[in-house]
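Student: build me a structure from this.
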Amino acid sequence: MSSAAAPAPLSTVRIAVDCMGGDHGAAVILPACRAFLDRHPHAELVLVGTAAALEAAAPWQRSHRVVASEVVTMNDAVEVALRKKRDSSMRVALQQLKDGANTAHACVSAGNTGALMAVARHVLKTMDGIDRPAIATVMPNRVDGYTTVLDLGANVDCTAEQLLQFAVMGSALVAAVDGKEEPSVGLLNIGEEAIKGSDTIKRAGELLRAAAEGGHINFHGNVEGNDIFKGTVDIVVCDGFVGNVLLKTSEGLATMLGDFIKQEFTRGPYSKLAALVALPVLRRFKHRVDPRRYNGAALLGLRGLVFKSHGSADAYAFEQALARAYDAARNRLLDRVHDRIGPTLQALPTSDTASEQAA
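Tutor: I've put the predicted structure just below:
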């Protein structure tokens, strides 16, 4: 496959942080920011929040404080965040991206997902060639890596063209963050055969195959849900309804595993002994699937890099979200999406041409 040369990495990355978002706000986010700065000497942070909340960060080097007077809560309706709280920490943090690269290269928030997506689309707008932004995150697989999945809830109903756009954006994300310039892409379906699935999925498969034939993406073909955890492909594309159910199910399984380990130590002596023998393996597996390690979902398709942390994230998990945003910004994810999406869409056959070819 042919691809344009990767853009040169940024020497310094500046990230705007919504310090008031999520279930815990600054009490968790500021310690995460401090740890992130200690581990990333070429990073700078723009800390956005109320004056009182940011007071603890006053002496920090490589950080700048921006005061916002309002906070978008986890229960606020999208309309409230979009129309009424114009000076919220979320909106002000996103505004740092719109103000240009001299202010911030990426933004991270643990706030209300619906509000973040709506405000981000309003402030930043979508990139040329992208109909709707998509939420992308990673899930652990058994080949000692992880699989990137999108969309995870931003778009319940997707057209075939939008699924193609997700594939292109996901490819750019993996190339930027993981260094795989031509990651493999799978289309989530009820079977591997091209004849299976809804009309939308079949049409998406046609578009993905056409894009692959043109050398624009590395399309593996249809995949099933278990392929995500098998590591069959680097990227799995699906609509937001399926993706969100998949995400919540995987998070529930990880939580159930942790509860199971605890329960086994409260049972009879034989159960305790068996659990003790298996504990090292169980702990390694629990660490492997710990959702905190994979925190930080990218909102792809916007004219700015936005990463969403889980609302209940602790300091360790929020730091992971900062690190993912740092890697994406440093390796110029926006430029990579721009360089991929235009040529891919221009090279595709029109609907009429595709119908004639199928006939």
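Student: and residue 79, what element?
Tutor: Using DSSP states H and E, residue 79 sits within helix 78-79.
Student: please apply the same query to residue 186.
Tutor: Taking DSSP H and E as the definition, one finds residue 186 inside strand 184-188.
Student: past that strand, which element shows up next along the chain?
Tutor: helix 199-213.
Student: after that next one comes which helix or strand?
Tutor: Assigned by DSSP H and E, the successor of helix 199-213 is strand 218-223.
Student: where do the strands sit along the stretch 201-350 of the chain?
Tutor: Listed in chain order, the strands of the stretch 201-350 of the chain (DSSP state E, counting those that start in this stretch) span 218-223, 235-237, 297-300, 305-308.
Student: direction included, what does the first one pair against?
Tutor: Strand 218-223 has its sheet partners listed here by DSSP bridges as strand 184-188 (parallel).
Student: equivalent analysis for the shortest one, please.
Tutor: Strand 235-237 has the following strand partners under DSSP bridges: strand 145-150 (parallel), strand 184-188 (parallel).
Student: now do the end-to-end distance for stretch 65-77.
Tutor: Taking CA to CA, to the nearest Å, stretch 65-77 runs 27 Å from one end to the other.
Student: stretch 304-315 too?
Tutor: For stretch 304-315, the first-to-last residue distance is 24 Å (CA to CA).
Student: name the residue most distant from the centre of this structure?
Tutor: Residue farthest from the centre of the chain, counting by CA atoms, centre = their mean, is residue 269 at 43.6 Å.
Student: give me the pLDDT value at it.
Tutor: In this model, residue 269 is scored at 74, pLDDT.
Student: quick check: it vs residue 115, distance?
Tutor: Distance, residue 269 to residue 115, using CB to CB, to the nearest Å: 51 Å. Where you see a C-beta, it was placed from the backbone N, CA and C, and this is true even at glycine.
Student: and residue 75, by the same measure?
Tutor: To residue 115, residue 75 is 10 Å away according to CB to CB.
Student: of those two, which one has the most company?
Tutor: residue 115 (25 against 7; other CB atoms under 10 Å).
Student: what helices or strands is the helix or strand harbouring the more buried one leaning on?
Tutor: Assigned by DSSP H and E, residue 115 falls within helix 113-124. The elements that helix 113-124 packs onto, with contact taken as 3 or more CB pairs under 8 Å, 6 or more residues apart in numbering; DSSP states H and E, are helix 78-79, helix 89-98, strand 297-300, strand 305-308.
Student: with respect to residue 328, which of the ones you listed lies nearest?
Tutor: Residue 328 lies closest, by CB to CB, to one member of the helices and strands packed on helix 113-124: strand 305-308, at 5.6 Å.
Student: just the CA coordinates of the closest one, formatted as CSV?
Tutor: The C-alpha coordinates for strand 305-308 follow below in CSV (Å, rounded to 0.1, in the frame of the first residue of the first chain):
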residue,chain,number,x,y,z
LEU,A,305,-7.9,16.8,19.1
VAL,A,306,-10.4,16.0,21.9
PHE,A,307,-10.0,13.1,24.3
LYS,A,308,-12.7,11.9,26.7
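Student: distance from the chain centre to it, please.
Tutor: How far strand 305-308 lies from its chain's middle: 7 Å, per CA atoms, centre = their mean, to the nearest Å.
Student: what comes into contact with that strand?
Tutor: With contact meaning CB atoms under 8 Å, 6 or more residues apart in numbering, strand 305-308 is reached by 94, 97, 105-110, 113, 116, 120, 124, 135, 296-299, 321, 324-325, 328-329, 333-334.
Student: could you do stretch 24-41 as well?
Tutor: With contact meaning CB under 8 Å, 6+ apart, stretch 24-41 is reached by 13, 17-22, 43, 45, 47, 49, 53-54, 56-57, 60-63, 71, 110, 312-319, 322-323, 326.
Student: just the angle for the helix or strand harbouring residue 168 relative to strand 184-188, thanks.
Tutor: Using DSSP H and E, the element containing residue 168 is helix 160-178. Angle, helix 160-178 to strand 184-188, by axes from the mean of the first three to the mean of the last three CA atoms, to 10 degrees: 140 degrees.
Student: check which helices and strands helix 160-178 is in contact with.
Tutor: Checked by 3+ CB pairs under 8 Å, 6+ apart, helix 160-178 has strand 134-141, strand 145-150, strand 184-188, helix 199-213, strand 235-237, strand 297-300, helix 315-330, helix 333-347 packed alongside it.
Student: tell me which residues of the longest one come out buried.
Tutor: Using 16 or more other CB atoms under 10 Å as the burial criterion, the residues of helix 315-330 that qualify are 315, 317-330.
Student: again, but for the second one
Tutor: By neighbour count, with 16+ other CB under 10 Å as the criterion, the buried positions of strand 145-150 are 146, 147, 148, 149, 150.
Student: ok, and the closest non-adjacent residue to the third one?
Tutor: Setting aside the residues directly before and after it, residue 148 is nearest to residue 235 in space (CB to CB, 6 or more residues apart in numbering), at 4.8 Å.
Student: okay, stretch 125-145 in PDB with CA atoms only?
Tutor: C-alpha atoms of stretch 125-145 as PDB (Å, rounded to 0.1, in the frame of the first residue of the first chain):
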ATOM      1  CA  LYS A 125     -16.700  22.000  13.800                       C
ATOM      2  CA  THR A 126     -16.000  18.900  11.800                       C
ATOM      3  CA  MET A 127     -13.200  18.300   9.400                       C
ATOM      4  CA  ASP A 128     -13.800  18.500   5.600                       C
ATOM      5  CA  GLY A 129     -15.000  15.100   4.400                       C
ATOM      6  CA  ILE A 130     -16.300  14.000   7.800                       C
ATOM      7  CA  ASP A 131     -20.000  13.800   8.300                       C
ATOM      8  CA  ARG A 132     -20.000  13.100  12.000                       C
ATOM      9  CA  PRO A 133     -17.300  12.700  14.700                       C
ATOM     10  CA  ALA A 134     -16.800   9.200  16.200                       C
ATOM     11  CA  ILE A 135     -15.600   8.000  19.600                       C
ATOM     12  CA  ALA A 136     -12.700   5.600  19.400                       C
ATOM     13  CA  THR A 137     -11.000   3.700  22.300                       C
ATOM     14  CA  VAL A 138      -8.900   0.600  22.700                       C
ATOM     15  CA  MET A 139      -9.800  -2.800  24.200                       C
ATOM     16  CA  PRO A 140      -7.200  -5.400  25.300                       C
ATOM     17  CA  ASN A 141      -6.700  -8.500  23.200                       C
ATOM     18  CA  ARG A 142      -5.000 -11.800  23.800                       C
ATOM     19  CA  VAL A 143      -1.900 -11.100  21.600                       C
ATOM     20  CA  ASP A 144      -0.500  -8.800  24.200                       C
ATOM     21  CA  GLY A 145      -1.800  -5.700  22.600                       C
END
